[in-house]
Structure formats: structure tokens, C-alpha cells
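1. just need the structure, nothing else, for what follows:
(one chain, ligands or ions: 2)
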Amino acid sequence: MSMLRGVNALRRINALRAGRLAYVGALILATAWLIVFPLYSHNIYWQGILFFSFLLAVMASGWNIISGWAGYISLGQSAFMGLGAYTTALLTLHLHRTPWLFVPVGGVLAAAVAALLGVVIMRTRGHSFVIITIAFLLILQLLALNLRGFTGGSTGLTMPITTFPRDWQYAPFYYVMLGLLLLAIAMSWAIRRTKFGTGLIAIREDEDKAGGVGINAPVYKVLAFAASAVLIGVAGGVYAYFITFVDYRGMFSIQYAVLIVLAALLGGRGTIMGPVLGAFAVQILQDQANQHFGSSQANIVVYGAVMAGVVLFLPRGLVPSVAEWARTYVARREEGLSGAIDLRPSAVPAVRDSEPGPVLLEVKGLTKTFGGLRAVDDLSFSVREGTITGLIGPNGSGKTTAFNLIDGMMRNEGGEVWLAGEQVDRLPPWSRAHAGLGRTFQITRLFREMTVLENVVAPLRDFRWRQLFADAVAGHEAERAEELLEFVGMRRFRDAQAAALSYGQQKLVELAQVLMLDPKVILLDEPAGGINPTLIERLVEKIRELNAMGKTFLIVEHNMPLVADLCDPVIVLARGTRIAEGTPAEIQRDPLVLDAYLGEGWAVEEAVGA
Ligand code: ADP
Ligand code: MG
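-> Ligands and ions are numbered 1, 2, ... in the order given. Model (predicted):
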């Protein structure tokens, strides 16, 4: 019976591999066909359609970097096509050389403008970012229309006629644009494999959390915006030369801005080939619509229908949907995502060092208000190196808010935070992570679309430019991540999607993720909340082991027997401030503490009886 199951599982894995091979093979064949097409067919009509498909695919592929991966939706991406087109046209007309020379300049300029715009607007998120990208496109349109002496105004600019032989037809343009498309695909592929790519996905999934694990989001986003613009700028120059005419509406094109998004959504944003395949589909569809209905009005109806169809039936796009379908059809490779986790005792002895070291983390007079509510009110305490310090208090007493102020998710209004002798309360979250602060969340915040292993390798201990180009999951880091997964007993889930794990399993993975930072202090926000007793036992054991290895903890927890068992000292919060501190035994006798909890109707006996 079990052998039969084994054989079936093997067959499934082979089927999956075969499917992937067939997909890659089909892509290679299609590319080969596209390369030879103009050599044997002189069908100029199809050369044109394919040229425009390449153009749209280059743009959708660029859009995918900032919007598909980083999650910042741009509705003005065609602005970079216009910048490239005008740059190439103006340089050609003023310097009287071949436009091919200036096409790359358009790309560089587009990337530079994108980076500059990125620096200015990257503090905005969500809808405001979308609006600003539209505004940017419209402003460029207006400038192109009104700087008449420079851009030719509404008349536009006319490019020189091509000089190559007529019987080459569109071939030179065709090949240049195809080359750009292959470059765009290679760039996407390279980005997706590096720390840069996983960093962008982390930002899309949860930007605050990404900061907390050391990812310098502003730098990532600005680079992504520049990368998303560069090839669009180059393509704009080629497009201008191809149609020989540059005007404000055709180049800073609103229609293209929409088509780009449509192509990427149809094919599947956040994938490498999705936007490309989507672009071919949209371009061919548009051409068919033109032939059958003629008027541009009908075109809009067709776009609308396709857009609605995508949203309704393929919300994630063609490529991810087909891949998902194949995976479920071929069934689960990993049997038992819900299986029990590994509970073998680990080898490290859990000996507690009784001598606390110097102060490692200190907060002084910390304050944060929400409206009139003083959530954290002149809070001071310190955590000594080598301790497992407890932080307890009734619900709403400001524990999570204190964590948010310490790790930089929120800005404090008053007071200071010191970590290992350095004042960190003005530093951004990633710098605090780099300085040695790790934190888990009350409600786990894994990057849900990533695998377990990708989640654990995502944290970054520092920021280096070189690191952006490093493989996302490779070498020493991948080994360390696997070790940590082994440590928390989650190694066999390394390839599972984070979202597929149970809540308790997610908590263990989040612990491994934080350990990847190799932090000096680890803040745990209700680590035992909402998870089953077996997992709690495992968690306690792991915390003890880590502490024995020299890690310092600050733990917020409601499970009082656990706190009494694990923590020393214990700090008690009420109404945002510290009301007591001492050993668990001292705390349970403190009248102030009893009062704070009794006021909340807590069972004091249970709370301190362990
Ligand atoms: P604890 O973690 O101790 O249960 P919190 O720090 O989550 O408490 O909350 C402290 C107080 O601040 C609560 O009254 C809560 O409602 C309020 N609070 C927390 N976060 C916010 C926020 N983002 N906006 C407004 N009020 C908040
Ligand atoms: Mg809380």
C-alpha cells in the first residue's frame, strides 16, 4: 500500500517536471520561430503585429518589476516610452546622426527620471502612488504640448527616413525590438533570482515587516522604479524611429499606459513570462478588434470586457492560474502539509546562565499617544544581556505598542531607545535590525506568497550594494536557513508556501526568520498565543536553548505559568507605564500588580500560581 503511494508520488513529481520542461521547451521553440520568421516570410503585416507585441511586452515586463514584484501599481508607465522617444528624436534632429546612436540615451534618461521621481514619491503608498504616476504622465503630456520651440508642440517631431534597403522590410526594427524583449526577460529572470527580487516581493507582501527584517525598502523601490523604466525608454526611441513621428499623445500615451497593465494582469503579474505572454495576447486581440469593428470606441469595449473577464475568472492571470491548475491536478507532492512536526529533543543542553550581563536594551521615558489615548506613557525599563525578560500587563496596557516603538514600526513622541550602547530611536526599522534587534509579531507576519525557505533567507543583516545582486537562496545563507528550520523543527516544510502552514507552524518559522538576523535581542510578542500545547512546549524549549547559547529575550506573554517558568525578571505594565519589576515570585506578591489584573477580572491565582 505505502509502496504504491510512493510510486504514485514519484509519478506526480515526474509529471510536474515534464510539465515544466514542456513549458520551457515551448518558449525556446517560440523564440526560435520568432528569430527566423522575417527570414522566410515577407508578410509585412505580421512583422508589424509582432513588432508591436514585442514593444508592449518590453513595457509590461518593465512594469512588472515595480508593480508586479514591489507591488507599487504604476498607471503612467508609458511616460518612459515618451521620454525615450523625445530624447531620441531631439538628439537625432539636432546632431544629425543615425537615431540608433541615441536610442540607449533615451533609456538612461528614462531610468534617471524614474529614480528621481522615485526618491520624491516613494514615501507614498497604495492609491496615492497610483494617482501620482497618472499625474506624472499627464504633466509630461502637457509639457510636450506646450514647450513648442523644443518639442514641436501639437505638430510633433518628424524623424529622418530609414536608409536601409527597402526589401529588408521591417526586419531591422523587428530584430532590435525582439532583442530588447529578450533583454527584458533576462533582466526579469536575473532580478527574480537575486536578493533584490525577493526583497521587492517582501516589500509587496508586507513593507513594514520587510523593514523589520533589515530590508532597506526605499533603496529597493527606487532601484526597481529605475529598472522598470530603462528598457521602456530604449523601446520608446525605437518605436519613434519606426513610426517616424513623435507627438505628445502618441508617445506619452494614455492608451499604452492602460494596455501595459492589461497585458501584465492578463498574463500574470509577479511572474517572468506572464506580462510577456499577456502582451502578445492583448496586441493580437487589439488588432482583431480593429479589423472587425474598426472604430476606437469598439476597442474600448473589448478592453473593458477582457479586463472584466480577467478580474472575474483569472484574478491572478494566465500563467499563475495555469501553473496552479497543473499543480493541483498533478496533486500534492508533499503529502501531509498538515502532518505532525518533528519533536525530537535537540542536542543542545538547556542550561541557564544565572548571572545577567550589562544592559543591552534600554528604553527611557518612552511615550506614544493615539488621539487622546496615552498608549505608552513615560515608559522606562531595561533588558540585561543573557536574560529572558518578561513583559506582562492587562490587554491594552501598551505592550505591543512598546514593541512597535522599540523596533521602529512606529515613531515615539518622547523618550529614547538604546541598543547595545547606541541610541536607535531615530533610526529606520532596517537599521535597527542591522544593529541587532529581532522581533516576531503577535499575529505572525510571514511573506505569505514566498516559500518557507525564502522567508527564512529574506532577512538582511546589513546593507551592501553588492548584496542586491547576490543569489536569493544560495550558499552559506541557504545552509544556515536550513539549519535554523531544522532547529525549530520545520525543515521538511521548506518548499511549502508560508500561507499553507498552520498558525503555530508560522510562529516557528517566524522565529527561524528572526534568528537569521543573528540578533542580540529578540522581542517575542505573545509567542504562545493561539497555538497548541505541543507547539508551546517546543517553543519554550527552543527559547531556553537559544538563551543558553547567549541570546537575550524580551517576551510579551499572557500564559502566566509559562512566564513564571521562563522569565526573570518580569516587568509589569499598566496603562502604558511600568508599575512593577522583579522575579516572578516577587511579582505575584506585589499589591499593585494584583490590583492591575483584578481590575481586568483576571484570575490572579492562575496568573501567578505556577
Ligand atoms: P497590548 O499589546 O498591551 O494589549 P497595545 O499596545 O496593542 O496593547 O495597545 C495599547 C492601546 O493603544 C490600546 O488601547 C489600543 O487600543 C491602542 N492602540 C494600539 N495601536 C493603535 C493604533 N494603531 N491606533 C490607535 N490606537 C491604538
Ligand atoms: Mg499586544
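2. I'd guessed E526 sits against V563; true?
-> No. Counting by Cβ atoms under 8 Å, E526 stays clear of V563, with 10.9 Å between them. Where C-beta positions appear, they are placed from N, C-alpha and C, glycine not excepted.
3. where do the contact lists of those two overlap?
-> Overlap of the contact sets of E526 and V563 (by Cβ atoms under 8 Å, 6 or more residues apart in numbering) consists of E557.
4. so which of the two has more stuff around it?
-> Neighbour count, other Cβ atoms under 10 Å: between E526 and V563, V563 has more, with 24 against 19.
5. show the contacting residues for the closest residue to that one other than its chain neighbours.
-> Leaving aside its sequence neighbours, V563 sits nearest to G390 (Cβ to Cβ, 6 or more residues apart in numbering; 4.7 Å). By Cβ under 8 Å, 6+ apart, the contact set of G390 is 555-557, 563, 566-571, 584.
6. for G390, helix, strand, or coil?
-> With DSSP: H, G, I helix; E, B strand; the rest coil as the basis, G390 sits in strand.
7. and L391, what does it touch?
-> L391 neighbours (Cβ under 8 Å, 6+ apart): 381, 399, 402, 554-556, 570-571, 573.
8. beta partners for the residue nearest to D590 when sequence neighbours are not counted?
-> Distances taken as Cβ to Cβ, 6+ apart place A580 nearest to D590, at 4.7 Å, with adjacent residues excluded. Counting by DSSP bridges, A580 is bridged to V572.
9. from memory A580 sits against V593, does it?
-> Yes. Here A580 lies in contact with V593, judged by Cβ under 8 Å, at a distance of 5.1 Å.
10. quick check: neighbours shared by the two?
-> In contact with both A580 and V593: 572, 587, using Cβ under 8 Å, 6+ apart.
11. neighbours of R464, how many?
-> Neighbours of R464 (other Cβ under 10 Å): 11.
12. got the phi/psi numbers for it?
-> Main-chain torsions, R464, degrees, to the nearest 10: phi -140, psi 140.
13. from V103, how far out is it?
-> 33 Å (Cβ to Cβ, to the nearest Å).
14. again, but for T389
-> According to Cβ to Cβ, T389 and V103 sit 61 Å apart.
15. so if I had to pick from the two, which one is more boxed in?
-> Set T389 next to V103 and count neighbours by other Cβ under 10 Å: V103 wins out with 26 against 23.
16. which residue packs closest to that one, ignoring adjacent ones?
-> G237 (3.8 Å).
17. what helix or strand does that neighbour sit in?
-> Using DSSP states H and E, G237 sits in helix 217-243.
18. list the buried ones in that helix?
-> Using 16 or more other Cβ atoms under 10 Å as the test for burial, helix 217-243 gives 217, 219-242.
19. the helix or strand containing G62: what's the following helix or strand?
-> Assessed by DSSP H and E, G62 sits inside helix 44-63. Downstream of helix 44-63, the first helix or strand assigned by DSSP H and E is helix 79-95.
20. go through that next one and flag the buried ones.
-> Neighbour counts using 16+ other Cβ under 10 Å place 79-93 of helix 79-95 among the buried residues.
21. elements contacting it?
-> Counting contacts by 3 or more Cβ pairs under 8 Å, 6 or more residues apart in numbering; DSSP states H and E, helix 79-95 is packed against helix 103-121, helix 126-146, helix 148-151, strand 157-158, helix 217-243, strand 245-246, helix 248-251.
22. swap the cut-off to 6 Å and go again
-> Judged by 3 or more Cβ pairs under 6 Å, 6 or more residues apart in numbering; DSSP states H and E, the packing partners of helix 79-95 are helix 103-121, helix 126-146, helix 217-243.
23. reformat the ones you listed as a markdown table; add distance to ligand 1 and mean pLDDT.
-> Putting the helices and strands packed on helix 79-95 into a markdown table (distance: least, Cβ to the nearest ligand atom, whole Å; pLDDT from 0 to 100) gives the following:
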| stretch | distance to ligand 1 | mean pLDDT |
| --- | --- | --- |
| helix 103-121 | 24 | 95 |
| helix 126-146 | 17 | 93 |
| helix 217-243 | 20 | 96 |
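24. turn those into CSV, columns for distance to ligand 2.
-> Putting those into CSV (distance: least, Cβ to the ion, whole Å) gives the following:
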stretch, distance to ligand 2
helix 103-121, 33
helix 126-146, 25
helix 217-243, 24
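25. figure out which of the ones you listed is closest to G304.
-> G304 sits nearest to helix 126-146 of all the helices and strands packed on helix 79-95, at 18.3 Å, using Cβ to Cβ.
26. report the backbone C-alpha coordinates of that closest one in CSV.
-> Extracted C-alpha coordinates of helix 126-146, given in CSV (Å, rounded to 0.1, in the frame of the first residue of the first chain):
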residue,chain,number,x,y,z
GLY,A,126,-1.1,52.5,-2.3
HIS,A,127,-3.6,54.8,-4.0
SER,A,128,-1.5,57.9,-3.8
PHE,A,129,1.3,56.3,-5.7
VAL,A,130,-1.1,55.3,-8.5
ILE,A,131,-2.5,58.8,-8.7
ILE,A,132,1.0,60.3,-8.8
THR,A,133,2.1,58.1,-11.7
ILE,A,134,-1.0,59.1,-13.7
ALA,A,135,-0.3,62.8,-12.9
PHE,A,136,3.3,62.4,-13.9
LEU,A,137,2.2,61.0,-17.3
LEU,A,138,-0.3,63.9,-17.8
ILE,A,139,2.2,66.5,-16.8
LEU,A,140,4.7,65.2,-19.4
GLN,A,141,2.0,65.3,-22.0
LEU,A,142,1.3,68.9,-21.2
LEU,A,143,4.9,69.8,-21.2
ALA,A,144,5.4,68.1,-24.6
LEU,A,145,2.4,70.0,-26.0
ASN,A,146,3.4,73.4,-24.6
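27. report the angle between that helix and helix 103-121.
-> Put simply, helix 126-146 runs at 130 degrees to helix 103-121, going by axes from the mean of the first three to the mean of the last three Cα atoms, to 10 degrees.
28. low-scoring stretches of the protein, by residue?
-> Across the chain, the ranges flagged by pLDDT under 70 are 1-13, 294-297, 330-355, 598-610.
29. kindly report the residues of it close to ligand 2.
-> 400, 442 (Cβ under 5 Å from the ion).
30. can you tell me the element the residue of the chain found nearest ligand 2 falls in?
-> Ligand 2 sits closest to T400 of the chain, with a gap of 3.2 Å, by Cβ to the ion. Using DSSP H and E, T400 falls within helix 399-407.
31. how far does that helix sit from the chain's center?
-> Centroid separation for helix 399-407 versus its chain: 23 Å, with Cα atoms, centre = their mean, to the nearest Å.
32. likewise stretch 224-232?
-> Remark: stretch 224-232 is offset 17 Å from the chain centroid, using Cα atoms, centre = their mean.
33. for stretch 223-234, same thing?
-> Remark: stretch 223-234 is offset 18 Å from the chain centroid, using Cα atoms, centre = their mean.
34. residue contacts, the closest residue to V119 other than its chain neighbours?
-> In space, and not counting its chain neighbours, V119 is closest to V222: 5.7 Å by Cβ to Cβ, 6+ apart. Residues near V222 by Cβ atoms under 6 Å, 6 or more residues apart in numbering: 115, 118-119.
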